[in-house]
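# Here is my input; please provide its structure:
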Amino acid sequence: MILFVDSLTVIDFSYLCNQRGAVGESWIVDLTLHGQLNDESMVLDFALVKKQIKRIIDDTIDHKLAIAKGLNGTVDMKDGRVELDYQFGQGDQSHHLAMSAPEQAVCLLEGDKVDEQSVIEFLKSVIMAQMPENVKDIGIELRPEQAESFYYHYSHGLKKHDGNCQRIIHGHRSQIGVFVDGMKHPRLQKQWASKWQDIYLGTEEDIVTPQQLRNVQAHEGDVCFAYDATQGYFELAISAKRCDILPCDTTVECIAEYLAQQIKLESANREIMVKAYEGVGKGAIAYA
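Numbering: from 1, shown residues only. Model prediction:
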């Protein structure tokens, strides 16, 4: 017997790529459970699927930074913290990223890279270990939202957030809608999606000097960030070419407002509306 649950949850996270750097991603999770009927004539109660398995997925990878063992760099886990230092890209496009954070901010995967298959295998191993005996196997499909507009991958951290958004590198795959005088504007959508592809969006007030970093070694040309949050102390040094600094927090509300204001500078006499997404099916709308 096979039980299925489509769109069980959405994983919003970032992963490290040896070519692209920190990549924000949002994947919809479809799940199947293969097994025998239990004493209740069920494979597993839907309530448990939606609560227990969703919780396992959320606790394991959601709003974290996924790191494969094939990373071009070093990852040290000790005393409840993770210290990361690595290079990505090639030649003139080689960049640096280093992070120090509480260990709950990362997810370590086997293999050379983070992709759909490696994440599926990892999640299956974690979930199956907590399933009842009648569940013999599970199937997982990870899929992006079907895009109706241009989209970009971004990473960020929100120090003021009480939940997991405070983790300094987590991210989303997000669509962007730009409207000028009520009409969709594909050129501007594409312009900003291209500008922010694989970007780290940093908050100006979180910037520190390299000398102020406690655990991370910055390279020449890096921008450095550090902050205390409820889950602990976070640091990041990243090549300036791979980040954009906003004069505000990087919540989706602030991102929408920032984009609307930036576009307004070039179209002073036009009404601007920005529909900014945070992952799948949610976001904020701002006017300027």
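# List the contacts of the closest residue to Q166 other than its chain neighbours.
Spatial nearest neighbour of Q166, chain neighbours left out: A229 (4.0 Å); criterion: CB to CB, 6 or more residues apart in numbering. To be clear about C-beta, it is placed using only N, CA and C from the backbone, and glycine gets the same treatment. By CB atoms under 8 Å, 6 or more residues apart in numbering, A229 lies in contact with 159-161, 166.
# Okay, A229 and L84: tell me how far apart.
Between A229 and L84 the distance is 18 Å, computed by CB to CB, to the nearest Å.
# now D222
Plainly put, D222 is 14 Å away from L84 if you go by CB to CB.
# Stretch 155-172: end-to-end distance?
Using CA to CA, to the nearest Å, the gap from the first to the last residue of stretch 155-172 comes to 7 Å.
# Show me what that stretch is in contact with.
Taking CB under 8 Å, 6+ apart as the rule, stretch 155-172 contacts 12-14, 22-26, 62-65, 99, 101, 104-105, 153-154, 199-203, 206, 225, 227-231, 234-236, 249-251, 277-279.
# Now that stretch: buried residues?
155-159, 161, 164-172 (16 or more other CB atoms under 10 Å).
# any idea what sits nearest Q197, other than its immediate chain neighbours?
Distance criterion CB to CB, 6+ apart; nearest residue to Q197, sequence neighbours excluded, is Y152 at 5.1 Å.
# Name the nearest residue to the residue positioned nearest the centre of the chain, sequence neighbours excluded.
Residue closest to the mean C-alpha point of the chain, counted by CA atoms, centre = their mean, is G171 at 2.0 Å. Nearest residue to G171 in three dimensions, chain neighbours excluded: G24, at 2.2 Å (CB to CB, 6+ apart).
# And the next helix or strand past the host helix or strand of that neighbour?
Using DSSP states H and E, G24 sits in strand 21-35. Where DSSP H and E defines the elements, the next helix or strand beyond strand 21-35 is helix 46-48.
# Run through who's touching that following helix.
By CB under 8 Å, 6+ apart, helix 46-48 touches 3, 5.
# quick one: that helix to chain centroid distance?
Its chain's average C-alpha position is 27 Å from that of helix 46-48, according to CA atoms, centre = their mean, to the nearest Å.
# What's the first helix or strand after that helix?
Later in the chain than helix 46-48, the nearest helix or strand by DSSP H and E is helix 54-60.
# Report all helices and strands that that following helix contacts.
strand 2-17, helix 116-128 (3 or more CB pairs under 8 Å, 6 or more residues apart in numbering; DSSP states H and E).
# Just the C-alphas of it, formatted as PDB.
Only the C-alpha atoms of helix 54-60 are listed here, as PDB (Å, rounded to 0.1, in the frame of the first residue of the first chain):
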ATOM      1  CA  LYS A  54       7.200  17.700   8.600                       C
ATOM      2  CA  ARG A  55       8.800  18.400  11.900                       C
ATOM      3  CA  ILE A  56      11.700  16.000  11.100                       C
ATOM      4  CA  ILE A  57      12.300  17.700   7.800                       C
ATOM      5  CA  ASP A  58      12.100  21.200   9.400                       C
ATOM      6  CA  ASP A  59      14.500  20.300  12.200                       C
ATOM      7  CA  THR A  60      16.900  18.600   9.800                       C
END
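# residues of that helix that come out buried?
If you call a residue buried by 16+ other CB under 10 Å, then helix 54-60 has these buried ones: 54, 56-58, 60.
# Please enumerate residues in contact with it?
By CB under 8 Å, 6+ apart, the list of residues contacting helix 54-60 from outside reads 8-9, 11, 29, 107, 122-123, 126-127, 130.
# Throw those residues into TSV and include pLDDT, thanks.
Converted to TSV, those look like this (pLDDT from 0 to 100):
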residue	pLDDT
L8	94
T9	95
I11	97
V29	97
C107	96
F122	96
L123	96
V126	95
I127	95
Q130	90
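# From D206, how far out is the residue of the chain positioned farthest from its centre?
Most distant residue from the mean C-alpha position of the chain: D39, 39.9 Å away (CA atoms, centre = their mean). Note on D39: its distance to D206, by CB to CB, is 54 Å.
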